[in-house]
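Participant: Kindly return the folded structure for what I paste below:
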Amino acid sequence: MTRIATASHRDGIAHRTSGLGVLFEQLVRGRKYFILDLGPALGINIDFWSQISCKIYIQDFYRSLRAPGVFPPEEGVSCESVFDKFLPAEPDVYVDIILCWDLLNYFKPSEIEGLARCLSRYCQRGTLLFALVSSLPQIPAEPITFRILDRTQLIYEIHTQAVIPAPRYLVRDIIRLMSGFQVLGSFLLRNGFQEHLLSYR
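Facilitator: Numbering: from 1, shown residues only. Down below sits the predicted model:
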């Protein structure tokens, strides 16, 4: 691991990634791809994807949901109706890649099921979804920011010293909760995260 000073003046640690490289291997040269990034808008990540022909929809999903009064929904309101507000509003949008990052660590099982149903509306057969799930007992109290260095390395930026218990979802949990998706690959990293590459059926 290499400690790196990032542009935001926070300490970031570079970790190897296997899932992102495998995702990139699935792409066909010369084709245009539509990408839904559920993390914050980061120049380094946009630059990484600029090496292929693509259009990127970016929604800082977790922070949008955590705005005052947004989530959890009022009684009788489904989580999907709240999630839908923060997903692309354009009609008939289908994406080829979804970057879920570590969002699943911060959702209850029922919320993951709702998110999967919402995302399925933007999927077609073969849509790829990349997610990281922690196998450690505790995780930061808010999602990590991931900066893409290249196909083999991600910078993890942790924004808080506070921690919360991790749900520690297993591969079988992901398969059960992410209805419509199948696991193409699962990669356990030395830092305790497990990367999942899913494909929509």
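
Participant: drop to CA atoms for contacts and neighbour counts, all remaining ones
Facilitator: Fine.

Participant: what about the longest helix anywhere in the chain, average pLDDT?
Facilitator: Selection of the longest helix in the chain by residue count, based on DSSP state H, yields helix 109-120. The pLDDT scores in helix 109-120 average 96.

Participant: So which residues make contact with that helix?
Facilitator: For helix 109-120, contacts defined as Cα atoms under 8 Å, 6 or more residues apart in numbering pick out Cys79, Glu80, Phe83, Asp84, Leu104, Leu177, Met178, Ser179, Gly180, Tyr200.

Participant: For the last one, give me its contacts.
Facilitator: Translated: Tyr200. Tyr200 neighbours (Cα under 8 Å, 6+ apart): Ser120, Cys123, Gln124, Arg125, Gly126, Thr127, Leu128, Leu129, Gly180, Phe181, Gln182.

Participant: Narrow those to those that are buried.
Facilitator: Ser120, Cys123, Gly126, Thr127, Leu128, Leu129, Gly180, Phe181, Gln182 (16 or more other Cα atoms under 10 Å).

Participant: Mind putting these into CSV with secondary structure?
Facilitator: CSV is the format used below for the buried ones among the contacts of Tyr200 (DSSP: H, G, I helix; E, B strand; the rest coil):
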residue, secondary structure
Ser120, helix
Cys123, coil
Gly126, coil
Thr127, coil
Leu128, strand
Leu129, strand
Gly180, coil
Phe181, strand
Gln182, strand
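
Participant: In a markdown table, list those residues along with distance to Glu74.
Facilitator: Shown next, in a markdown table, are these (distance: Cα to Cα, whole Å):
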| residue | distance to Glu74 |
| --- | --- |
| Ser120 | 24 |
| Cys123 | 28 |
| Gly126 | 35 |
| Thr127 | 32 |
| Leu128 | 32 |
| Leu129 | 29 |
| Gly180 | 27 |
| Phe181 | 29 |
| Gln182 | 32 |
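
Participant: For Gln59, state which of these is nearest.
Facilitator: Nearest to Gln59 among those is Leu129, at 15.1 Å by Cα to Cα.

Participant: quick one: the closest one and Tyr62, what's the gap?
Facilitator: 17 Å (Cα to Cα, to the nearest Å).
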